[in-house]
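**Student:** Okay, here's the prediction I keep looking at, along with the sequence it came from:
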Amino acid sequence: MDLEREKELVERAKSNTEAFAELYDHYYPQLFGYVLRRTANIEIAQDVTAEVVFKALKNLRQFHWRGVPFSSWLYRIAAHEIANYFTKNKPGQFSLEEVSDSISIGDSSAESELLEAEADLRRHEEYLALHANISKLPIKYQEVITLRFFENKQVKEIAAILGKREGTVKSLLHRALKKLGNLME
Amino acid sequence: MKEEELIKKLERVELPRTELESHRQRLRMAVLNAGHLLNEEPRVTTLALAKSKLSRGMDTIRRGLVWRQPAWKTSLVCILTVALIAGLAITLPLLIGQSPEELAASIVRKSPEVRAALVVKPIEAGQAEVHSVAVALVRVELIDEDGDNVRVLVRGEWGRYAVADVNLGAKEVTRVYKFPEFSDEEKARAIEIVRADPSRVQELLDKGGTIYKVIPLAIGDADGAISFKLDDEDGEIVVEGGRILPAAVIVVDNQRWLVFVDIDEGEVVRILTPELAAGVVASIETGLKGMEAEIPLN
């Protein structure tokens, strides 16, 4: 989507859900993918993505074009929601992994799609092993590593997403790699 | 592991690119039904505005004090501080609670009829009460020329809404429109269906989930559309598109689920978290226009 079109859509979306739905169509795969690669869990990814979309819709009027691209703003909300999720759901607490919330009962196509998605995720063994180690790091390190290597974001973009200086992101990245390397000894 | 090796590993790992079309579509439908979220104003209250003025005043005073000042200037700053505090003490109460929105909010807050239409109470004695969402006044509209009567849209727990007509002069709620309630027999039947459901509902109940209450909630048709109107005769909110179904609220470890039941078909038709329900339970199209506010009522 070109920038002018995106700007026009964002402005319209502030009062029109149809316009927001167009933005949603464009960014859903990116958002869901990011949340999934951060959580490595299909059902949590569904819940958190839904939360991100509603937060974006609710706060859209507060978004202004001030050098931060719309996609970075969405990533920022997503990073915040993921951090929230991890804070609220520490190990041992009730996990959404165990119960699906949004599947219509009797909707067998949705259930089988979910099963297929879970099977597909399990096939990515190397990624899951990496993720298992990444998830042991503090959230600030998880964020920079995922954004840099899994989402292919440049330091400048990561800084925009996390609301930090580029220098801070570089040093976070450096420390994150060092810690992850130690974990993978 | 060496950093270079680790970077290579991170760059080359095959990532999951899973997509869930059913989730994408359900969420899109919920987005289209969530127009009310766009109408909600950010909460900037008179008190917040007054606070920011206060902090600006205090900053000016602080800057004055830390700068090297002659003695007379310090005294002047002290006098100004006292004057500012005294001024705020007088003007703050005047700034707060004077708008029609806040007056309507204070009247609605005291109305047992409005609260009864919004608050979800436990179904069984002894269960702790769960307050999931702050009851909030969403919108106020003047409905007569002298400005004494307003119509108020109030949002309650679990995405429940009520519309109240308020007479500001008499300080009373004159009418409450709410979703039609199901009879005790219908609620009992809904609970029976929920308890007999063999699938995920059973998992929730097995985990110690309790059925908290059965409430009437709107659910969209196949295209997700829901529209409402007010029935003056019965004092009810009538669904034109979509339908109202009994929804059982199940609480498990502080997680709350909504289970929609079709009594005629004798089956559970949908399970939702409150977050997703907020999108599905669409805004009420009451035709309310004009002033908008969001004032917490509790």
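**Tutor:** Everything's here; your move. Worth saying up front: this structure is predicted, and the values here are computed from it rather than measured.
**Student:** Residue B:114 sits in which helix or strand?
**Tutor:** helix B:112-118 (DSSP states H and E).
**Student:** Quick check: buried residues in the strand or helix carrying residue A:49?
**Tutor:** Applying DSSP H and E as the criterion places residue A:49 in helix A:42-59. By neighbour count on 16 or more other C-beta atoms under 10 Å in any protein chain shown, the buried set for helix A:42-59 is A:42-58. In short, each C-beta sits where N, CA and C put it, glycine included.
**Student:** ok, now which ones touch the closest residue to residue A:142 other than its chain neighbours?
**Tutor:** Leaving aside its chain neighbours, residue A:142 sits nearest to residue A:134 (5.5 Å; criterion: C-beta to C-beta, 6 or more residues apart in numbering or on different chains). Contacts for residue A:134 (C-beta atoms under 8 Å, 6 or more residues apart in numbering or on different chains) come out as A:141-142, A:145-146, A:180.
**Student:** Name the nearest of these relative to residue B:188.
**Tutor:** Set against residue B:188, the nearest of the contacts of residue A:134 by C-beta to C-beta is residue A:142 (48.2 Å).
**Student:** Return the distance of the closest one relative to chain B.
**Tutor:** Per C-beta to the nearest C-beta, to the nearest Å, residue A:142 is found 12 Å from chain B.
**Student:** Also residue A:175?
**Tutor:** Noted for residue A:175: a distance of 11 Å to chain B, by C-beta to the nearest C-beta.
**Student:** contacting residues for that residue?
**Tutor:** Shown in contact with residue A:175 (C-beta under 8 Å, 6+ apart): residue A:141.
**Student:** Check for me that residue B:230 belongs to a helix.
**Tutor:** No. Residue B:230 is assigned strand when assessed by DSSP: H, G, I helix; E, B strand; the rest coil, not a helix.
**Student:** per-residue confidence for residue 15?
**Tutor:** Using chain A here. Note on residue A:15: pLDDT of 85.
**Student:** wrong chain, I was asking about chain B
**Tutor:** 93.
**Student:** Pretty sure it sits against residue A:37.
**Tutor:** Yes. Applying C-beta atoms under 8 Å as the test, residue B:15 and residue A:37 come out as touching, 6.0 Å apart.
**Student:** list the residues that contact both of those two?
**Tutor:** A:127, A:150.
**Student:** Counting neighbours, go ahead and name the busier of these two.
**Tutor:** Neighbour count, other C-beta atoms under 10 Å in any protein chain shown: between residue B:15 and residue A:37, residue A:37 has more, with 22 against 16.
**Student:** got the contact list for that one?
**Tutor:** A:127, A:131, A:146, A:150-151, B:15-16.
**Student:** 6 Å instead, please
**Tutor:** Contacts of residue A:37 were listed using C-beta atoms under 6 Å, 6 or more residues apart in numbering or on different chains, and they are residue A:150.
**Student:** follow-up on the earlier one: what's the closest of the contacts of residue A:134 to chain B?
**Tutor:** Nearest to chain B out of the contacts of residue A:134 is residue A:180 (C-beta to the nearest C-beta; 6.3 Å).
**Student:** host element of the closest one?
**Tutor:** helix A:166-183.
**Student:** shaky segments in the chain?
**Tutor:** Defaulting to chain A. By pLDDT under 70, the low-scoring segments of chain A are A:67, A:88-111.
**Student:** nope, chain B please
**Tutor:** B:36-99, B:101, B:118-147, B:155-161, B:218-228, B:240-241, B:254-255, B:273-298.
**Student:** quick one: what helix or strand has residue B:217 in it?
**Tutor:** Using DSSP H and E, residue B:217 sits within strand B:210-219.
**Student:** which strands and helices sit next to that strand?
**Tutor:** helix B:184-196, strand B:243-252 (3 or more C-beta pairs under 6 Å, 6 or more residues apart in numbering or on different chains; DSSP states H and E).
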